[in-house]
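S.K.: Following is a predicted model, sequence given first.
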Amino acid sequence: MRQDIEERRDPKLAMAIKEHRPERPARVANVEALIEDREPPGRVEVRKSLIETSDRDPNGLERILGISDLCSINFLSRGLEAAKAVARIRVRQSDGSGEWYGTGFLVAPGLLLTNHHVLSSSDQAALAVAEFNFEHDLHGVEAPRRAYNLTPSRLFFTDSDLDCSFVEVAPRSFDGMPLAEFGHLPLMAVSGKAIDGEWVSMIQHPGGQPKQIAIRDSQVVTLAKEDALNINLEVFIHYTTDSEPGSSGSPVFNDQWQVVALHHRGVPDLNAKGQRLARDGKTVWTAEMGEKEKGWVANEGVRISAIYRFLTGKQFESREARAVLDRLRYGLSVGEKMMVSVVAPPTAESELEAGQGADSTASFFAGVNGYDRGFLSKPISLPKDNTRKSKQAKLTGKNTTELKYTHFSVVFDKERRFARYTAVNIDGNELKRNSGVQAQWRRDGRIDVEIQADEDFYKQSVAAEVVFFQRGHLVRRVDPSWGSAEVAKRAVQDTFHFTNAAPHVGTFNDTIWGNLEDYLLEKCDKTQKRMTVFSGPIFRSTDPSNYGIHRPKGPYTIPEDYWKVAVIQKTPTTIAVAGFIVGHGNLLADLEEELVFTGLHPYTPSELVDNGIQTTIANIEHETGLSFGNLKDFDSVAGLEATLHSRRLRTVADIII
């Protein structure tokens, strides 16, 4: 569309479009109230939550209302960052007779989205190439483009009604550049990322040309539901953005550079008889005029929320749809190259864990007793290390390896730079949530701080690293939070030491790994809700050993699996023991050669449970090289009259204790 929509619109067709460009309103005290005239309240609330009303974008609300055109200067740099993930799709004819072009963009590590009419089958995708960096630089010189094969044999999903196709992209270009260099544009399922009359932008490869952008000269318009085209407005969104053939598959952005829609076609300009009009909005178009003389009412994109709804509905009948959903959800959680702003204000948890605090000194731990061996009715000592005792970090100037914290202890492995194991006492009757405790992750100064995997490991801003790990609490912050208010608060603070952190992907720590203890506490006697829990990673020689090669202290060897041994007070005089192994499974399966992690998939809750087993204490001893003494005598699984003593967990109800 190379002409202003209002100059080309037939008066009769104008009746099919709601008034979308009202006179610019004067500044008012409550700009939020003006939005409610445009959209239903639910969408309004969503849109308001996506606008950065902080100092980062102080004019966000006023801009979408047309009160102000002012943008933060970072609008331009963030647009350039978003553009990295957009590629030209070059599709070769199977008979070698020619090729055609479209646009696509990365929506998760290794996953590209474009239109069905660009890539309609896996065979077609196998003949296509994604070309990134096909653009002109600051001096007008064409930048070196990077071409990547598509790999539909690994993942391909398409739908003609929504005109969308997802396909996996090879991790390296023809000349060896990692795909991770171009980041991705996470997709959000929520509906309400743009409202009627709001400005949008589109990054595209029109006509197969180098990358171009239609920026903030385009508005969302709402076509009347009664129009002859019978368009489902819950699925499609319309806007006046300029585009040409080859723009199909382009991302449409709001002012926060969040992807609103997948561009796929123009809406033709028709007269009352349904005849196609020319660009002047009056003359009936004929083939002799040529394609460029066709008239258009607006351009149309497929709403991202509609794509999410469709995938969700298909996930139980299509393995590919389920795989795409998992990749999209993971793509939204990855922050290394994330191109969008924060969707909503950070949660209290994320604020508490931001940054790295000052190292804790030995004096900070004066009077702290650590793990209590006599906490339950039967004395339980720390496990003995039969294989890595020499790797345990000793406290400076002392002949001990036990790092004592409030209600728990940690033994640290100086070679792997993570905890060898942790041991915590939990009093379920006195637990205090202490969700508002102010805490930052810190190194423990009682051992060499340089051997601790600290913020250099967990931070997201290292070049060429796409996947980052969450700081997973081995001893959960709530576990030792019991006793007096002061003691409970201190216990929570103690859990925020890097000696207690483990590299966990995505939601790993928030599902069965963390919730397991809550379930076991409920299994305790109502008046004896006490439990001792040992946890740690399983160190294997086969663990991936090349993560973080670009980081200051890299590379790191990443444990794939974790274990947990829970000892609960069943009655005032008896205890029961249960052992568990929970793995990252295929989360670490796509370690790319010796540089970066790519293409990782998150677990759904059911898949995560499927990667956990309840097993014998003897098996955990075999896997870890630790010895738990006579705790084996109280093992809930080992005493069963069955030959299979490792049981895969489908639900927590499968746990035997």
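M.R.: Arrived safely. Numbering: from 1, shown residues only.
S.K.: Quick check, Glu320 in contact with Leu155.
M.R.: Yes: between Glu320 and Leu155 a contact is recorded at 6.6 Å, counting by CB atoms under 8 Å. For the C-beta atoms, the positions are set from N, CA and C on the backbone; glycine is no exception.
S.K.: residues contacting Val565?
M.R.: With contact taken as CB atoms under 8 Å, 6 or more residues apart in numbering, Val565 is in contact with Val533, Phe534, Ser535, Val577, Ala578, Gly579, Phe580, Ile617, Ile620, Phe628, Leu631.
S.K.: and which of those is nearest Val267?
M.R.: Phe580 (56.1 Å; CB to CB).
S.K.: Can you get me a residue count around the closest one?
M.R.: Phe580: 23 surrounding residues under other CB atoms under 10 Å.
S.K.: go on, His184?
M.R.: Neighbourhood size, His184 [other CB under 10 Å]: 29.
S.K.: Check what pLDDT it gets.
M.R.: His184 is assigned 92 on the pLDDT scale.
S.K.: what sits opposite it in the beta ladder?
M.R.: Per DSSP bridges, residues listed as beta-bridge partners of His184: Met338.
S.K.: any idea how far the closest residue to Gln93 other than its chain neighbours is from Glu131?
M.R.: Counting by CB to CB, 6 or more residues apart in numbering, Gln93 lies nearest to Glu99, which is 6.3 Å off, once chain neighbours are set aside. Distance, Glu99 to Glu131, by CB to CB, to the nearest Å: 12 Å.
S.K.: quick one: which of these two has more around it?
M.R.: When neighbours are counted by other CB under 10 Å, Glu99 and Glu131 differ, and Glu131 comes out ahead with 20 against 13.
S.K.: so which strand or helix has that one?
M.R.: strand 128-132 (DSSP states H and E).
S.K.: got it, and Ile213?
M.R.: Using DSSP H and E, Ile213 maps to strand 212-221.
S.K.: just the strands in the stretch 501-650 of the chain please.
M.R.: For the stretch 501-650 of the chain, strands defined by DSSP state E, counting those that start in this stretch occupy the ranges 501-504, 530-538, 561-569, 575-583, 591-592, 596-597, 612-615, 626-627, 647-648.
S.K.: tell me the most buried of those strands?
M.R.: Among the strands of the stretch 501-650 of the chain, the stretch with the highest mean neighbour count (mean count of other CB atoms under 10 Å) is strand 596-597, at a mean of 26.
S.K.: Now that one: average pLDDT?
M.R.: Mean predicted confidence for strand 596-597 is 33.
S.K.: Then stretch 77-85?
M.R.: Here the average pLDDT along stretch 77-85 is 89.
S.K.: contact partners of the strand holding Glu131?
M.R.: The contact list for strand 128-132 (CB under 8 Å, 6+ apart) reads 84, 86-92, 104, 112, 119, 145-150, 169, 173, 179, 182.
S.K.: Skip ahead from that strand and say which helix or strand is next.
M.R.: On the C-terminal side of strand 128-132, the closest following helix or strand by DSSP H and E is strand 146-149.
S.K.: what's near enough to touch the residue nearest to Gln93?
M.R.: Glu99 makes contact with Arg90, Val91, Arg92, Gln93, according to CB under 8 Å, 6+ apart.
S.K.: Now rank the residues you listed by neighbours and give me the top one.
M.R.: Neighbour max across those (other CB under 10 Å) = Val91, 20 neighbours.
S.K.: Beta-bridge partners for that residue, please?
M.R.: The partner list for Val91 in beta bridges (DSSP bridges) reads Trp100, Ala128.
S.K.: wait, what's in contact with it?
M.R.: The contact partners of Val91, by CB under 8 Å, 6+ apart, come to Glu99, Trp100, Tyr101, Gly102, Val118, Leu119, Gln124, Leu127, Ala128.
S.K.: From Gln124, how far out is the second one?
M.R.: It refers to Trp100. Trp100 sits 10 Å away from Gln124, going by CB to CB.
S.K.: More neighbours: which of those two?
M.R.: The residue with more neighbours, out of Trp100 and Gln124, is Gln124; 20 against 15, by other CB under 10 Å.
S.K.: Can you tell me the closest non-neighbouring residue to the more buried one?
M.R.: Val91 (6.4 Å).
S.K.: Look up the pLDDT of the one you found for me, please.
M.R.: We have a pLDDT of 89 for Val91.
S.K.: Which other helices and strands does the helix or strand following the strand holding Ile213 contact?
M.R.: For strand 212-221, the following helix or strand on the C-terminal side (DSSP H and E) is strand 236-239. Contacting strand 236-239 under the criterion 3 or more CB pairs under 8 Å, 6 or more residues apart in numbering; DSSP states H and E are the following elements: strand 212-221, strand 259-268, strand 296-303.
S.K.: what about 10 Å?
M.R.: Applying 3 or more CB pairs under 10 Å, 6 or more residues apart in numbering; DSSP states H and E, we find strand 236-239 packed against strand 199-204, strand 212-221, strand 259-268, strand 296-303, helix 304-314.
S.K.: As CSV, those with mean neighbour count, distance to Val475 and mean pLDDT would be great.
M.R.: Listed next are the helices and strands packed on strand 236-239 as CSV, based on neighbours: other CB atoms under 10 Å; distance: least, CB to CB, whole Å; pLDDT from 0 to 100:
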stretch, mean neighbour count, distance to Val475, mean pLDDT
strand 199-204, 25, 46, 87
strand 212-221, 19, 49, 74
strand 259-268, 23, 39, 85
strand 296-303, 25, 44, 83
helix 304-314, 19, 36, 88
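S.K.: how about CSV for those, with distance to Ala423 added?
M.R.: Shown next, in CSV, are the helices and strands packed on strand 236-239 (distance: least, CB to CB, whole Å):
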stretch, distance to Ala423
strand 199-204, 53
strand 212-221, 56
strand 259-268, 46
strand 296-303, 51
helix 304-314, 42
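S.K.: quick one, helices of the stretch 1-150 of the chain?
M.R.: Secondary structure of the stretch 1-150 of the chain (DSSP state H, counting those that start in this stretch): helices located at 5-8, 11-14, 31-35, 41-50, 60-64, 74-83, 122-126.
S.K.: per-residue confidence averaged over the second one?
M.R.: The pLDDT scores in helix 11-14 average 42.
S.K.: Looking at the chain, which helix is longest?
M.R.: Taking DSSP state H as the assignment, the helix of the chain that covers the most residues is helix 319-333.
S.K.: hang on, the earlier thing: tell me which of the contacts of Val91 is nearest to Phe75?
M.R.: Gly102 (26.8 Å).
S.K.: so how many other residues sit close to the closest one?
M.R.: A count of nearby residues for Gly102, using other CB under 10 Å, gives 26.
S.K.: Touching, it and Leu113? I think so.
M.R.: No: in this structure, Gly102 is not within contact of Leu113 by CB atoms under 10 Å, at 11.2 Å.
S.K.: Look at Glu320 and Leu155 and report which has more neighbours.
M.R.: Counted by other CB under 10 Å, Glu320 and Leu155 do not tie: Leu155 has more neighbours, with 22 against 17.
S.K.: What residues does that one make contact with?
M.R.: Residues counted as contacts of Leu155 (CB atoms under 10 Å, 6 or more residues apart in numbering) are 110-112, 122, 166-169, 319-320, 323-324, 327, 599, 601.
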